[in-house]
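structure here, sequence nowhere to be found:
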Ligand code: HEC
């Protein structure tokens, strides 16, 4: 296991240095394309299973303290200086600097806590969500701020972070609770908003599925089959049954759309997630009559009436929103949100994204950040509360000694 630790320090430290140079364009949320490493991202879930045995010193800190030297005021100033823009939306102020001079390491928790009581904190969390979901502003009468508004409220009011996907309301610009704007008979946090659905629309509803998987579960297709059980071949339309170019029966699909000929490998999982969006049209409106069938005259993946095609071969199934997520049967997107947020993947992905965004490292479905530390921190946060606030996630993460040391290790490079 110790080699994991080395890899963590090596990988992340290097990535941080690279990001410092690349950060000037303000694109810290930019992620490299996730393509091309389909089989390499499979250790996150395993690390989650191992985590309880690996480290159980949550809170006492005694075991390690003999090796740990106290951090100096300069260390803490450097570390908090890195974090201030992401959490508080500003740099360290006079009072905080004084507190650091007086207290060194003791100042850490007080300053972190103080930041999360400031209005800038809600704005930071708003920005994180708007940026990750590619949704902000107003356009064509659609309020693309709805996801960000919800995120800001959850942060400001210390609500469980899972509500980002499960809230049964939307939040207007003035902070009032409103119905969301899709017309669906349910709400599902940021997912059932026209902002999310329009910003991530596309053939077969693939982008809508891919975006939540990468953003909230830090996975991409294909992922571990024991997490997302592949749909049976016969369930899929013929195009997605193919495991090789020879098996492909659809002329247009022989090229593989850049992802290879083994369509079934990815789309047997993709199809289950895309199905949740089958009743949302290109404008993000919920259409009860949507049937998920291919428009015979349209491009592959497009259904009639501005809708998108299902992966399901049976017309009776193609029209249903019910599906299977992470091994659990779900009725619709709202139901899926409960399953997603109860999964350790969601908790780990929250930690991973916070690391990535705070220190300029690519997160989502990347391997830049060591899965083991992510799993350990997630484990500790949820040990206190199975449904933690974003404040609790941040407090646990940003007081973690290895996180602090990894950040301090980048200091020489600037
Ligand atoms: C390695 C996983 C993988 C494999 C293998 C794969 N796909 Fe995909 N497919 C994806 C991903 C990821 C996307 C992109 C979704 C997005 O970002 O919108 C995609 C997108 C598509 C799209 C939509 C393209 C567009 O421009 O909107 C079609 C159609 C498609 N795949 C069909 C196929 C077919 C047919 C095969 C086999 C010949 C195949 N895919 C193989 C993962 C895969």
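Arrived safely. Please read these numbers as outputs of a predicted model, since none were measured by experiment.

which residues of the stretch 201-350 of the chain lie near the ligand?
When proximity is defined as CB under 6 Å from any ligand atom, the stretch 201-350 of the chain approaches the ligand at 202-204, 206-207, 210, 221-222, 239, 242, 248, 253, 256-257, 259-263, 265-267, 300-301. For glycine as for every other residue, the C-beta is placed from the backbone atoms N, C-alpha and C.

change it to 5 Å
202-203, 206-207, 210, 221, 239, 253, 256-257, 259-263, 265-266 (CB under 5 Å from any ligand atom).

now those residues: which count as buried?
202-203, 206-207, 210, 221, 239, 253, 261-263, 265-266 (16 or more other CB atoms under 10 Å).

mind giving me CSV with the residues you listed and columns for secondary structure and pLDDT?
Formatted as CSV, those follow (DSSP: H, G, I helix; E, B strand; the rest coil; pLDDT from 0 to 100):
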residue, secondary structure, pLDDT
202, coil, 97
203, helix, 97
206, helix, 97
207, helix, 97
210, helix, 97
221, coil, 95
239, helix, 92
253, helix, 79
261, coil, 74
262, coil, 86
263, helix, 92
265, helix, 94
266, helix, 95
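
JSON lines for the residues you listed, including distance to residue 115?
Listed next are those as JSON lines, based on distance: CB to CB, whole Å:
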{"residue": "202", "distance to residue 115": "37"}
{"residue": "203", "distance to residue 115": "42"}
{"residue": "206", "distance to residue 115": "38"}
{"residue": "207", "distance to residue 115": "34"}
{"residue": "210", "distance to residue 115": "33"}
{"residue": "221", "distance to residue 115": "37"}
{"residue": "239", "distance to residue 115": "51"}
{"residue": "253", "distance to residue 115": "51"}
{"residue": "261", "distance to residue 115": "50"}
{"residue": "262", "distance to residue 115": "47"}
{"residue": "263", "distance to residue 115": "47"}
{"residue": "265", "distance to residue 115": "44"}
{"residue": "266", "distance to residue 115": "41"}
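
residue ranges for the helices of the stretch 151-300 of the chain, please.
Counting by DSSP state H, counting those that start in this stretch, the stretch 151-300 of the chain has these helices, from start to end: 163-166, 194-199, 206-216, 238-241, 263-274.

these into TSV, with extra columns for distance to residue 404?
Putting the helices of the stretch 151-300 of the chain into TSV (distance: least, CB to CB, whole Å) gives the following:
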stretch	distance to residue 404
helix 163-166	27
helix 194-199	35
helix 206-216	26
helix 238-241	46
helix 263-274	37
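
and residue 147, which of those helices is closest to it?
When the helices of the stretch 151-300 of the chain are compared by CB to CB, helix 194-199 sits nearest residue 147, at 5.5 Å.

packing partners of the closest one?
helix 119-133, strand 142-143, helix 146-156, helix 206-216 (3 or more CB pairs under 8 Å, 6 or more residues apart in numbering; DSSP states H and E).
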